[in-house]
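**Student:** here are the coordinates; sequence isn't available:
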């Protein structure tokens with residue numbers, strides 16, 4: 001992020017005050033949760049109810065209309081059978097509140113929401129069997145189909161033209177390449193960008209538009225044990241990266257993040273693809289661009305993590321979680337090449353479907 005003190009750093013005492021003032025809540029436990037740009041807390045009230053308090057960074061807090069759409073989206077998905085959080089109203093009946101707070105570097109305005117707590121553990125904490133990967137692909141596609149039915153007065157806010165995490169904006173990486181100066185990975189990233197320009201950009205007219213969750217990652221998907229000893233998906237978190245995009249973007253993002261947690265990353269794509277296509281079949285152009293778009297997301301993760309570390313060196317450990325693992329996968333995929341990786345993915349997807 002460009003500004004230096006945008007990430008909130010509320011003390012536990014400040015959090016307690018906010019919860020009391022806005023929600024008339026007294027707490028028995030407030031526990032910090034990891035976050036990229038915002039501040040999140042697990043909250044246990046004295047009456048036993050569990051919540052997640054989200055304090056948006058001061059920059060994103062300026063766009064209340066966008067946060068309103070994201071909050072509405074969670075409720076819409078919840079009502080349509082997708083396991084998303086819902087917002088708890090304040091004592092005055094608002095689903096979010098803009099609060100003037102001092103975190104140690106002057107008063108700034110932060111948007112505050114109290115969300116329902118979804119039990120479960122992140123998908124990163126369990127073995128990624130073909131079945132749970134299939135379910136991840138299926139859930140991502142089901143979510144996209146539900147989002148197609150959604151309407152809201154501010155839905156136009158999702159046309160986030162300058163949003164750096166949108167796969168439509170991959171070419172913005174050119175401006176950030178200095179963070180890889182002296183790193184041999186710089187050449188791989190440049191090569192992926194060039195491949196995107198030549199093979200993906202011309203295909204955009206053939207991609208099907210939709211609303212993307214945009215961050216279907218290994219820390220935003222919750223699972224719990226199923227009756228047969230396997231796991232099922234029980235929650236989807238963090239709608240802060242929502243944007244107007246394309247079906248193929250959501251699939252590429254899902255594959256990329258599931259690869260991060262797998263001991264044999266190349267095996268991931270087939271099962272996720274099979275799950276996705278059980279709900280939404282790819283067209284020829286989408287299928288042809290999947291490999292490059294997965295690589296593109298690895299590049300975004302790698303470059304933006306390093307850029308964020310320059311802004312927030314104290315948060316390096318969290319910022320590098322995905323990027324550190326992704327470096328080797330990106331290098332390996334690039335060496336294997338499009339033809340080899342696609343053959344593995346598409347053949348294993350077909351085999352998986354045939355065995356179902």
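**Tutor:** That came in fine, so what should we check first? This one's a predicted model, so the numbers in the text were calculated from it and none came from an experiment.
**Student:** use CA for all of it now, contacts and neighbours both
**Tutor:** OK.
**Student:** list the contacts for residue 68?
**Tutor:** residue 154 (Cα atoms under 8 Å, 6 or more residues apart in numbering).
**Student:** Pull up the per-residue confidence for it.
**Tutor:** Per-residue pLDDT puts residue 68 at 96.
**Student:** To which secondary structure element type does it belong?
**Tutor:** Three-state call for residue 68 (DSSP: H, G, I helix; E, B strand; the rest coil): helix.
**Student:** Please report how far it lies from residue 111.
**Tutor:** Distance of residue 68 to residue 111, computed by Cα to Cα, to the nearest Å: 11 Å.
**Student:** So residue 115 lies in a helix, does it not?
**Tutor:** No - read with three-state DSSP, residue 115 is strand and lies in no helix.
**Student:** burial count for it?
**Tutor:** Residue 115 has 23 neighbours, counted by other Cα atoms under 10 Å.
**Student:** Wait, it touches residue 90, no?
**Tutor:** No - using Cα atoms under 8 Å, residue 115 is not in contact with residue 90; the gap is 11.0 Å.
**Student:** what's the residue nearest to residue 257 when sequence neighbours are not counted in contact with, if anything?
**Tutor:** Distances taken as Cα to Cα, 6 or more residues apart in numbering place residue 217 nearest to residue 257, at 5.0 Å, with adjacent residues excluded. By Cα under 8 Å, 6+ apart, residue 217 lies in contact with 253, 254, 257, 258.
**Student:** cutoff 7 Å now
**Tutor:** Listed by Cα atoms under 7 Å, 6 or more residues apart in numbering, the contact set of residue 217 reads 254, 257, 258.
**Student:** likewise residue 101?
**Tutor:** 107, 108, 109.
**Student:** which residues do residue 115 and residue 90 both contact?
**Tutor:** Common neighbours of residue 115 and residue 90 (criterion: Cα under 7 Å, 6+ apart): none identified.
**Student:** hey, which helix is longest across this structure?
**Tutor:** In the chain, taking DSSP state H as the definition, the longest helix is helix 284-311.
**Student:** and that one, what does it pack onto?
**Tutor:** Packed against helix 284-311 by the contact rule (3 or more Cα pairs under 7 Å, 6 or more residues apart in numbering; DSSP states H and E) you find helix 185-195, helix 247-260, helix 316-336.
**Student:** residues contacting the spatially closest residue to residue 349 that is not a sequence neighbour?
**Tutor:** Leaving aside its chain neighbours, residue 349 sits nearest to residue 270 (4.2 Å; criterion: Cα to Cα, 6+ apart). Contact partners of residue 270, counting by Cα under 7 Å, 6+ apart, are 345, 346, 348, 349.
**Student:** these two touch, right, the first one and residue 274?
**Tutor:** Right, residue 345. No - at 9.2 Å, residue 345 does not count as touching residue 274 under the criterion of Cα atoms under 7 Å.
**Student:** who's more crowded, these two?
**Tutor:** Counted by other Cα under 10 Å, residue 345 and residue 274 do not tie: residue 274 has more neighbours, with 27 against 21.
**Student:** quick one, the helix or strand harbouring that one and helix 284-311 angle?
**Tutor:** Here residue 274 sits within helix 268-277, counting by DSSP states H and E. Taking axes from the mean of the first three to the mean of the last three Cα atoms, to 10 degrees, helix 268-277 and helix 284-311 form an angle of 120 degrees between their directions.
**Student:** I'd like the distance from helix 268-277 to the chain centre, please.
**Tutor:** Centre-to-centre, helix 268-277 and its host chain are 18 Å apart (Cα atoms, centre = their mean, to the nearest Å).
**Student:** if you average pLDDT over that helix, what comes out?
**Tutor:** Average pLDDT, helix 268-277: 97.
**Student:** Let me see the mean pLDDT of stretch 207-221.
**Tutor:** Stretch 207-221 comes out at a mean pLDDT of 95.
**Student:** Would you mind saying which of the helices and strands packed on helix 284-311 lies nearest residue 178?
**Tutor:** Closest to residue 178 of the helices and strands packed on helix 284-311 is helix 185-195 (Cα to Cα; 8.8 Å).
**Student:** in that closest one, what's buried?
**Tutor:** Neighbour-count burial for helix 185-195, with 16 or more other Cα atoms under 10 Å as criterion, is recorded at 185, 186, 188, 189, 190, 192, 193, 195.
**Student:** where along the stretch 101-250 of the chain do the strands fall?
**Tutor:** In the stretch 101-250 of the chain, the segments counted as strands under DSSP state E, counting those that start in this stretch are 107-116, 121-122, 209-212, 221-225, 231-236, 243-246.
**Student:** will you turn these into CSV that also has distance to residue 163?
**Tutor:** Formatted as CSV, those follow (distance: least, Cα to Cα, whole Å):
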stretch, distance to residue 163
strand 107-116, 19
strand 121-122, 26
strand 209-212, 13
strand 221-225, 22
strand 231-236, 21
strand 243-246, 8
